[in-house]
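Peer 1: output the structure for:
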Amino acid sequence: MHPDRVALWGSSFSGGEAIVLGALHPEIKAVIANAPFAGIGDLVANPSHAEQRFIAMRVAFDNSSLDVGPREIGPMAVVLDAGIESAVLPQPESSEWFLAHGPGNGWVNSVTMMMTTTPPFDPGACSPSLDGTALLMVVATNDEVASTAVALDTYERASGPKRLKMIEGHHFSGYEEPARKEAFDAMVEFLDEFL
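Peer 2: Next up, the predicted model:
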């Protein structure tokens, strides 16, 4: 591994995790966040909370003080299906994608989550602290799973070099052709430029 060429790639929730890690670790040179969960959403109205929230996240990660307590949620359905009335991802496009691609691959429509609220996990609070870390965000124009508006706000507030690739469609559109090729080409170009 070349220490000057470390990049992270994440999609959906892990896209948000990549943004957070990029802000916390200056040795990371580039972050690609594909259809990312880019924040809680309240920073659009109250951007002044971002710095305080980022500091709390940095302190918690630095000293392992995350409050993970016994906040187990589930098991519960990932997506809606016949006979299922509630799910973590209730959007029709979520059901369509997971039910088309999951069966036969070991995927089970069930999840158990461990939640922490102290501090809240908010990639949007971290993007202004990316500093020298390059950021590419691939954002769907109509993402109801990971809000388009929140992603664009997180992008606008990001420091350092940044690029934005808009993909027409919903959260899962970038996983299918022709949008997948558009996203892939943007990612390769970004990595060539910044690594």
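
Peer 1: the strands in this protein, which residues?
Peer 2: 7-11, 30-34, 72-76, 111-114, 134-140, 162-167 (DSSP state E).

Peer 1: now tabulate these in a markdown table and tack on mean neighbour count, distance to A60 and mean pLDDT.
Peer 2: Placement of C-beta: from N, CA and C, glycine included. Shown next, in a markdown table, are the strands of the chain (neighbours: other Cβ atoms under 10 Å; distance: least, Cβ to Cβ, whole Å; pLDDT from 0 to 100):
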| stretch | mean neighbour count | distance to A60 | mean pLDDT |
| --- | --- | --- | --- |
| strand 7-11 | 19 | 19 | 98 |
| strand 30-34 | 28 | 20 | 99 |
| strand 72-76 | 12 | 20 | 89 |
| strand 111-114 | 12 | 15 | 88 |
| strand 134-140 | 25 | 22 | 99 |
| strand 162-167 | 18 | 25 | 98 |
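
Peer 1: wait, which of the ones you listed is closest to M1?
Peer 2: Shortest distance between M1 and the strands of the chain, using Cβ to Cβ, is found for strand 7-11: 10.9 Å.

Peer 1: neighbouring strands - and their directions - for the closest one?
Peer 2: strand 30-34 (parallel) (DSSP bridges).

Peer 1: quick one on the thing from earlier: nearest to F190 among the strands of the chain would be which one?
Peer 2: It is, among the strands of the chain and with distance given as Cβ to Cβ, strand 134-140, at 4.2 Å.

Peer 1: alpha carbons of that closest one, in CSV - could you do that?
Peer 2: Provided in CSV are the C-alpha atoms of strand 134-140 (Å, rounded to 0.1, in the frame of the first residue of the first chain):
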residue,chain,number,x,y,z
ALA,A,134,-10.6,15.0,-2.0
LEU,A,135,-14.3,14.2,-2.1
LEU,A,136,-16.5,12.7,-4.9
MET,A,137,-20.1,12.4,-4.2
VAL,A,138,-22.3,10.5,-6.6
VAL,A,139,-25.9,11.6,-5.9
ALA,A,140,-29.2,10.4,-7.3
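
Peer 1: show me what contacts S127?
Peer 2: I19, A23, A38, L135, T154, Y155, R157, A158, S159 (Cβ atoms under 8 Å, 6 or more residues apart in numbering).

Peer 1: repeat that for 7 Å
Peer 2: I19, A23, T154, R157, A158 (Cβ atoms under 7 Å, 6 or more residues apart in numbering).
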